[in-house]
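> Below are the sequence and a predicted model for it; my questions follow.
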Number of protein chains: 2
Amino acid sequence: MISSRFAVAVHILSLLDINKEGRNTSEYIAGSVNTNPVVIRRTMSLLNKAGLIHSSPGVAGATLARPTNEITLLDVYRAVQAGVQDELFSIHDNPNPQCVVGKNIQSTLEQNFAKAQNAMEQELAGITLKQVTSDLLHEETSS
Amino acid sequence: MISSRFAVAVHILSLLDINKEGRNTSEYIAGSVNTNPVVIRRTMSLLNKAGLIHSSPGVAGATLARPTNEITLLDVYRAVQAGVQDELFSIHDNPNPQCVVGKNIQSTLEQNFAKAQNAMEQELAGITLKQVTSDLLHEETSS
DNA sequence: TATGCTGTAACAATTATAGTTACATAGAAA
DNA sequence: TTTCTATGTAACTATAATTGTTACAGCATA
């Protein structure tokens, strides 16, 4: 299961956009996400490293580094997954090379799993932060 | 990250097809996968419950319950994921309902994540066990 | 200079996974 | 019928990722 870090990251970015007049400190954002400020700072650190936001020590808050229509959910996904595991599916190690199946299963699975992962990522690539925040505000007015 | 149980399950099913003349005990399969027989039996238990294979106590081995072109990777995925978490993406709990973002983020994310998960699953649905075993044998002859 | 915030280390608690031993029970084979 | 073998499952361990938490160094600004 994909960590809620991803969901939290989208939450943070949405807030930075919608509340762009505010200060958006990690404590304030934590109040909206309902978690500890350090969780927010950790996630923002990843978003910063990925070039999606600007933030720096000592300076309260953060700002989006790009227009909302140039930030896709795939960008966010990769930012927060970076370094963990970039393969969505895991494949067992060291199957028996003396067995036809064992010898070839890894490469076969890699290819098929890559297709599935790619389909998922392309769907994320088609959704921008702009659409997300627009959805958020729209649900608000329609409720 | 999706558990290697899925990869192991595909390995097992491939072996049942390719080695359909053999006895295919959990011990034999474990030798091909390179793991403990109990890991195989646990996974086979899930495949059995999902109706993908036939196996029973006391009787050595297992057999496919359906033709290989009627078993898709999505069937296998669902069989081994059953009960764990059927949502691919997790969403943080209890965001602040007094914040526009906090109030609506969950439903917005749910919708978008469902699209991505669906794209992935449809890709898996398009791949049959028949294709997988055909790939396996094909790689064998071409290497 | 005093304050407030970020960035990050360090640790705990929780959860899923993967491997392992053990054994009850069902069927096969002698 | 008795013996043997294999499945199904419980129980336990080890490992890893995640999430929350406390603590604090260092920067920026009022």
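That came through fine.

> which non-adjacent residue is nearest residue A:50?
Nearest residue to residue A:50 in three dimensions, chain neighbours excluded: residue A:79, at 3.4 Å (CB to CB, 6 or more residues apart in numbering or on different chains). C-beta: built from backbone N, CA, C; applies to glycine.

> Just to check, that neighbour is in contact with residue A:45?
No - applying CB atoms under 8 Å, one finds residue A:79 not in contact with residue A:45, separated by 10.1 Å.

> These two: which is more packed in?
Each of residue A:79 and residue A:45 has its neighbours counted (other CB atoms under 10 Å in any protein chain shown); residue A:79 has more, 22 against 12.

> And residue A:115, which helix or strand is it part of?
Residue A:115 belongs to helix A:100-125 when elements are defined using DSSP states H and E.

> What mean pLDDT does that helix get?
Per-residue pLDDT over helix A:100-125 has a mean of 98.

> how about that helix against chain B, any contact?
Yes - using CB under 8 Å from any CB of the partner chain, helix A:100-125 reaches chain B at A:100-105, A:107-109, A:111-113, A:115-124.

> check the residues you listed against DNA strand D, which are close?
Among those, not one lies near DNA strand D by CB under 7 Å from any atom of the strand.

> mind checking the end-to-end distance for stretch A:120-134?
End-to-end distance for stretch A:120-134, by CA to CA, to the nearest Å: 22 Å.

> which phi and psi does the residue of chain A most remote from its centre have?
Distance from the centre of chain A peaks at residue A:98, with 40.6 Å (CA atoms, centre = their mean). The phi/psi pair for residue A:98 (degrees, to the nearest 10) reads phi -90, psi 0.

> so how far does stretch A:28-42 reach from one end to the other?
End-to-end distance of stretch A:28-42 (CA to CA): 15 Å.

> right, I mislabeled it, should have said stretch A:55-63
Stretch A:55-63: ends 7 Å apart by CA to CA.

> And for stretch A:68-77?
Start and end residues of stretch A:68-77 are separated by 15 Å (CA to CA).

> Mind checking what secondary structure residue A:12 has?
Taking DSSP: H, G, I helix; E, B strand; the rest coil as the rule, one finds residue A:12 in the helix state.

> Which strand or helix spans the spatially closest residue to it that is not a sequence neighbour?
Spatial nearest neighbour of residue A:12, excluding adjacent residues (CB to CB, 6+ apart): residue A:29 at 5.7 Å. Taking DSSP H and E as the criterion, the element that holds residue A:29 is helix A:26-33.

> Let me know the distance separating the residue nearest the centre of chain A from residue A:122.
Nearest to the geometric centre of chain A sits residue A:77, at 2.7 Å (CA atoms, centre = their mean). Residue A:77 is 12 Å from residue A:122, where distance means CB to CB, to the nearest Å.
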